[in-house]
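Q: how would this look folded up:
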Amino acid sequence: MSTDDRTRQRVQLDFSQDAFDRLEQIKRLADAKTNAEVVRNALRVYEWFLQQKREGFKLRSVKGDTVREVELLV
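A: Residues are numbered from 1 along each chain as shown. The predicted structure follows:
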């Protein structure tokens, strides 16, 4: 058993069919190789978002001259 194998933890998730379909769609959009890669990346983004929110930052979506403030409930 390698050191990397000993530091990993296995997590089993149950998804509804709709949620699983979304996961597969995200995997395709992200060109990710595995569902685990999608989940790890999602956790990084969510962690970043929570830290920004904790520090008082607001999330905005900008396209050209259009600016939308995004409120994500957590």
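
Q: middle-most residue in this protein, spatially?
A: Per Cα atoms, centre = their mean, the C-alpha nearest to the average position across the chain is that of Ala42, at 1.5 Å.

Q: what about the helices in this protein?
A: 3-7, 17-30, 35-54 (DSSP state H).

Q: Distance from the last one to the middle of the chain?
A: What that stands for is helix 35-54. Its chain's C-alpha centre and that of helix 35-54 lie 5 Å apart, by Cα atoms, centre = their mean, to the nearest Å.

Q: I'd like the mean pLDDT over it, please.
A: Averaged across helix 35-54, pLDDT comes to 94.

Q: Can you give the contact residues for it?
A: Residues from elsewhere that reach helix 35-54, judged by Cβ atoms under 8 Å, 6 or more residues apart in numbering: Leu13, Leu23, Glu24, Ile26, Lys27, Ala30, Ala32, Leu59, Leu72, Val74. Backbone N, C-alpha and C define where each C-beta goes, glycine included.

Q: Also the second one?
A: Applying Cβ under 8 Å, 6+ apart, the set of residues contacting helix 17-30 from outside is Phe15, Ala32, Thr34, Asn35, Glu37, Val38, Val39, Asn41, Ala42.

Q: Find me the pLDDT at the second one, would you?
A: In the prediction, the pLDDT value recorded for Ala32 is 98.

Q: Could I get the phi/psi values of it?
A: Note on Ala32: its backbone torsions stand at phi -80, psi 150 [degrees, to the nearest 10].

Q: Distance-wise, check it relative to Arg40.
A: 9 Å (Cβ to Cβ, to the nearest Å).

Q: Neighbour count for those two, which is higher?
A: Neighbour count, other Cβ atoms under 10 Å: between Ala32 and Arg40, Ala32 has more, with 16 against 11.
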